[in-house]
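Colleague: got a predicted model here, sequence first, then my questions.
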Amino acid sequence: MSELETPSAPDSELTETDDELAAFDWQPIIDLLRRSMGIDFSCYRAATVRRRIRRRMELQQLAEPADYLTLLAAGPEELEALGHDL
C-alpha cells in the first residue's frame, strides 16, 4: 500500500448511523439548494454532495439529516454556507 492509500474500514466497523445516513434520501436537501441558489447540483458526484452535507451537519452538531433539512429550511445562512462548500 502506498503512502497515499488509506485502508478502508471493514463492513463490520460500519455503524448503525452510517447505515441510516446511507439510506437517507438526500434529494430534498439538493432540491432546496437548487431552488435557493439556482444551481443544478445533479451533475455533481453524489458522494461529494453527501460528504459536503455531512461535513456541514457535523459543524452544526446535527446527527440526523432530517434535522439538518429543518435547519436549512429555517433560514438562508446555513443554506448559503452549504452552497459555497459545494
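Modeller: Thanks, I have the structure now.
Colleague: so after the lengthiest helix in the chain, what's the next helix or strand?
Modeller: Longest helix of the chain, by residue count under DSSP state H: helix 46-59. Sequence-wise, the next helix or strand downstream of helix 46-59 (DSSP states H and E) is helix 65-74.
Colleague: re the thing from before, please state the offset of the longest helix of the chain from the chain centre?
Modeller: Put simply, helix 46-59 sits 3 Å off its chain's centre (C-alpha atoms, centre = their mean, to the nearest Å).
Colleague: may I have it exported as CSV, CA atoms only?
Modeller: In CSV, the C-alpha atoms belonging to helix 46-59 read as follows (Å, rounded to 0.1, in the frame of the first residue of the first chain):
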residue,chain,number,x,y,z
ALA,A,46,-23.4,12.1,-5.3
ALA,A,47,-20.7,11.0,-2.9
THR,A,48,-19.2,14.5,-3.0
VAL,A,49,-22.5,16.2,-2.3
ARG,A,50,-23.2,13.8,0.6
ARG,A,51,-19.8,14.3,2.0
ARG,A,52,-20.1,18.0,2.0
ILE,A,53,-23.6,17.8,3.6
ARG,A,54,-22.3,15.6,6.3
ARG,A,55,-19.4,18.0,6.9
ARG,A,56,-21.9,20.9,7.4
MET,A,57,-24.0,18.6,9.6
GLU,A,58,-21.0,18.0,11.8
LEU,A,59,-20.2,21.7,12.0
